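In: Okay, sequence plus prediction incoming.
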Amino acid sequence: MTPTEIRRATLVQLRAAREDMMSTRWMLKLRTAAQQEKDDHARTLVTVQHAILELENKKLAEIRDALAENEDAISEGIDSLKKSLRKIEKVDKAIKAVGQFLQLVGKVAKLVATA
């Protein structure tokens, strides 16, 4: 993939994660979650939004090399995140998957220290 395609795929996946994390289905699962899971959800959702904004605003030239260097990890992270979001039986596992993907994205855009 070209850096442009990697960036686009990353943004598509981050937007999909945000949409899933704000869905009725997700919120219904979150109702019965422990307070720690609810707190983790809120922090992760804010981090996802921040990552989206940063990637949308970054000039591609600034992140092109980092995207290319991390292409394999980002592709694997996208696949893993898609699988986890399809199976949100356990909110904590889905939040962990989103956090792991954010760490990969953070390597490129220096968005997050830890998710």
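Out: Perfect, thanks for sending it.
In: what stretches of the protein score poorly on pLDDT?
Out: Low-confidence segments of the chain, defined by pLDDT under 70: 59-62, 87-90, 108-115.
In: what's the offset of stretch 6-26 from the middle of its chain?
Out: Centroid displacement of stretch 6-26 relative to its chain, using CA atoms, centre = their mean, to the nearest Å, is 7 Å.
In: number of nearby residues for the nearest residue to I74 once chain neighbours are set aside?
Out: Nearest-residue entry for I74: L104, 5.5 Å, with adjacent residues in sequence omitted and distances by CB to CB, 6 or more residues apart in numbering. Any C-beta I mention is one placed from the backbone N, CA and C, and that applies to glycine too. As a burial measure, L104 scores 19 neighbours (other CB atoms under 10 Å).
In: same deal with S84?
Out: 20.
In: Check V105 too.
Out: Other residues near V105 come to 29 when the count uses other CB under 10 Å.
In: still on that earlier bit, tell me which residues touch the residue nearest to I74, please.
Out: Residues near L104 by CB atoms under 8 Å, 6 or more residues apart in numbering: N70, A73, I74, G77.
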